[in-house]
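Turn this into a structure:
(2 chains)
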Amino acid sequence: MSEFVEYSLLGLLSGGVIALVALSFVLIYKGTGVVNFAVGEVMMLGAYFYYAGTVTFGLAPWIAFALSLGLIGLLAVAVERSVLRPLSGQSAVAVLMATIGMASIIHGAVEAVWGGDTYSPPTLLPRTPLTFGEILIPGTVLGNFVVAAVLIGAFLAFFRYTKTGIALRATASDPVTAAVLGININYSQRLTWVLSGLVGTVAGVLIASSAGLSPLLAAAALGVFAAIILGGLDSILGAIVASLIIGWVEALAAGYLGGKTRDVVPYIVVLAILIVRPYGLFGTRTIERL
Amino acid sequence: MRRGSAPMGYPDSHRMDIATPAAVRPAGRARPGGLALSVEGVDLRFGGIHALREVSFAAAPGQITAIIGPNGAGKTSVFNTISGFYWPSAGLIRLGGEDITRVPVHARAALGLARTFQNIALFGGLSVLENIKLGGHHAMKAGVFSALRYGRAAREEEMALRAAVERDVIDFLEIDHIRHLPVDALPYGLQKRVELARALAMRPRVLMLDEPVAGMNREETEDMARFILDVQEEWGATVLLVEHDMGMVMDISSHVVVLNFGEVIASGTPAEVRRHPQVIEAYLGTEGAAA
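Below is the predicted model of the structure:
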């Protein structure tokens, strides 16, 4: 029994970071309608910037973290301006292919610069483990969860209560009308890409500093796609709940069925749920952007 | 704080001056007041289609001007050109004397231009109040970064805006009881009214209404006509209207412009337009023949 509780707890906690990556994806899907397949690569690149800052240049972790956020933010602005804005009005598939292209470019560049080795950058958060009776929770897992929860909470509040957040929702829902109301659509979309990049970078640094950094980090985003589809593509809340479910199922599968099954079992669960609810747990029935 | 000069009871501050440049804001007036809107020799083509041919007319400040014409005459094209969705191949759009032909769509809101759409364009999933508040978006300075830095200023601004919007627009249009409902849940007539409320929350100096009473019953139409007249009288806004309901157009407009096949074929007072032979032929043809 305590085994089950421990696996469940670890799974739900690691689901928090999955939710962060999912948030990075859903932000862009909701805000601009783009299905961004470069989410994992942006996350990985942010983590490599952090690694370069701390290890190669010997900066303090917090400074390196701030710098990598800044760099990813600038990159997001550049990509939005040079790649995505010219493609606005093109078919969704064309834009999707562009994001896949960006993913390959980032992946190739990272391998060219840093190779395929696994590094372990310093952690931002304390490593001290926590014990609850017989259950031991690694400090990074708990820390990651707390950071993810705070950030996600902040984003939900931002979209719900701030005028910029409401303006972003309006832009996502109907850009033409939003423009008539005086909302600068280009600014909204740029902001969406920057926010998504920053969230991805936070997730990347958290994962890399607890589980190690290699080009395989980008593949971690694949599990997130399962969560996003399960949650319903256009629902931030859905993405969070689905991420926790995926994290939980992964941990249970790894604990009871062996480490290799953790990559397979979540997909089986997602498939089973999608047969019953094809639009996901929280998605709009006609997958239309909210 | 100079409350005395606050337009429409808005809590006045330096921020309002940013929204409405001092140059176009009449000093010492209780209201922003309507601006003149003129369309001068506008030509618009889509590929081989000549949608508008040298269209010229003016909407006098503080008056209600209606654009009428058969389907496909170019009424919505005129609206979309004034809104900035289309850039005409020739001609000018002037707002308060200033050329706005090439001003981006979103920047026209700050100049005092607001509109509603023929097919209701409310944001689904947002409440009535959220939709209406978006109308005040352009007048608020606090953005994402300043909101973080000046949290308190942004909050006060937010509260001031909310109070002003509630007092003026929601009471005015009698939609207090539905303010927290999602717009999707509302009946058609009320959605139209919420869309008008959102346009009014923009503090328009020129308000464009694209078929405001289309699909409404007699009673709803009369309500809407009353609101439009109130907007013009109490808010002093210039109103430009596209509408098929001839009874309403003739009742409330002071000036009527008739379009046919992308050209202005007549303009004048409702009585003048009604008597115009080309209008009778193009638009009221059967009625004219019967009379």
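
all strands of chain A, in order?
According to DSSP state E, chain A carries its strands in the segments A:130-132, A:135-137.

In CSV: these, plus distance to residue B:40.
Every residue, glycine included, has its C-beta placed from N, CA and C. As requested, the strands of chain A are exported to CSV (distance: least, C-beta to C-beta, whole Å):
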stretch, distance to residue B:40
strand A:130-132, 73
strand A:135-137, 72
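
now those strands as CSV including distance to residue B:49, mean pLDDT and mean neighbour count?
What follows is the strands of chain A, written out as CSV (distance: least, C-beta to C-beta, whole Å; pLDDT from 0 to 100; neighbours: other C-beta atoms under 10 Å in any protein chain shown):
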stretch, distance to residue B:49, mean pLDDT, mean neighbour count
strand A:130-132, 70, 77, 10
strand A:135-137, 68, 78, 14
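
Dump the ones you listed to CSV, plus distance to chain B.
Below are the strands of chain A laid out as CSV (distance: least, C-beta to the nearest C-beta, whole Å):
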stretch, distance to chain B
strand A:130-132, 32
strand A:135-137, 32
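
closest to residue A:3 out of those?
strand A:135-137 (9.3 Å; C-beta to C-beta).

contact partners of the closest one?
A:2, A:5, A:6, A:9, A:10, A:13, A:129, A:130, A:131 (C-beta atoms under 8 Å, 6 or more residues apart in numbering or on different chains).

again, only using 10 Å
Residues outside strand A:135-137 that contact it (C-beta atoms under 10 Å, 6 or more residues apart in numbering or on different chains) are A:2-3, A:5-10, A:13, A:129-131, A:145.

What's the ChimeraX syntax to select whichever of those residues are buried?
Listed next is the ChimeraX selection for buried residues among these, using 16 or more other C-beta atoms under 10 Å in any protein chain shown:
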select /A:6,7,8,9,10,13,145
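
out of the contacts of strand A:135-137, who's nearest chain B?
residue A:145 (24.2 Å; C-beta to the nearest C-beta).

Against residue A:244, how distant is that closest one?
Going from residue A:145 to residue A:244 by C-beta to C-beta, to the nearest Å gives 10 Å.

and for these two, which residues touch both?
A:12, A:13, A:14, A:15, A:16, A:19.

number of nearby residues for the last one?
Neighbour count for residue A:19, taken as other C-beta atoms under 10 Å in any protein chain shown: 29.

pretty sure it is in contact with residue A:149, am I right?
Yes - using C-beta atoms under 10 Å, residue A:19 makes contact with residue A:149 at a distance of 8.4 Å.

For the two, list the residues in contact with both.
In contact with both residue A:19 and residue A:149: residue A:240, using C-beta under 10 Å, 6+ apart.

which ones are touching residue 100?
Let's take chain A. A:35, A:36, A:37, A:38, A:41.

Oops, wrong one, chain B.
By C-beta under 10 Å, 6+ apart, the neighbours of residue B:100 are B:37, B:82, B:84, B:92, B:93, B:94, B:107, B:108, B:111, B:113.

separation between it and chain A?
14 Å (C-beta to the nearest C-beta, to the nearest Å).

Backbone dihedrals for that residue, both of them.
Taking degrees, to the nearest 10, you get phi -120, psi 10 for the backbone angles of residue B:100.

Within the sheet, what are the partner strands of the one helix or strand residue B:209 maps to, with directions?
In the assignment (DSSP states H and E), residue B:209 maps to strand B:206-210. Paired strands of strand B:206-210, with direction, are strand B:113-115 (parallel), strand B:238-242 (parallel) (DSSP bridges).

Put the alpha carbons of that strand into PDB.
Backbone C-alpha positions of strand B:206-210 (Å, rounded to 0.1, in the frame of the first residue of the first chain) are rendered in PDB as follows:
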ATOM      1  CA  VAL B 206     -17.700  57.700 -34.600                       C
ATOM      2  CA  LEU B 207     -19.800  54.600 -34.100                       C
ATOM      3  CA  MET B 208     -20.400  52.300 -37.100                       C
ATOM      4  CA  LEU B 209     -23.300  49.900 -36.900                       C
ATOM      5  CA  ASP B 210     -23.600  47.100 -39.500                       C
END
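
immediately after that strand, which helix or strand?
Criterion used, DSSP H and E; the element after strand B:206-210 is helix B:218-234.

Start from the N-terminal end of the stretch 101-250 of chain A and give the helices.
A:139-161, A:163-173, A:175-180, A:185-211, A:220-231, A:236-257 (DSSP state H, counting those that start in this stretch).

now chain B
B:14-19, B:75-83, B:105-110, B:128-135, B:144-149, B:151-165, B:171-172, B:188-201, B:218-234, B:246-252, B:270-275, B:277-282, B:285-290 (DSSP state H).

Comparing the ones you listed by mean pLDDT, which bottoms out?
Among the helices of chain B, helix B:14-19 has the lowest mean pLDDT, at a mean of 36.

For the residue lying closest to residue B:243 once chain neighbours are set aside, grab the count of nearby residues.
Setting aside the residues directly before and after it, residue B:243 is nearest to residue B:249 in space (C-beta to C-beta, 6 or more residues apart in numbering or on different chains), at 5.1 Å. Neighbour count for residue B:249, taken as other C-beta under 10 Å: 21.

Test my guess that residue B:249 contacts residue B:69.
No - contact criterion C-beta under 10 Å: residue B:249 and residue B:69 do not qualify, at 11.1 Å.

Pull up the overlap in contacts between the two.
residue B:242.

which residues sit against stretch A:5-14?
By C-beta under 10 Å, 6+ apart, stretch A:5-14 touches A:18, A:132-138, A:140-146, A:148-149, A:207, A:210-211, A:243-256, A:262.

The same query, at a cut-off of 6 Å, please.
A:135, A:141, A:145, A:244, A:247, A:248, A:251, A:252, A:255 (C-beta atoms under 6 Å, 6 or more residues apart in numbering or on different chains).

The fourth one reaches residue A:15, doesn't it?
Yes - in this structure, residue A:244 is within contact of residue A:15 by C-beta atoms under 6 Å, at 3.9 Å.

who's more crowded, those two?
residue A:15 (26 against 21).
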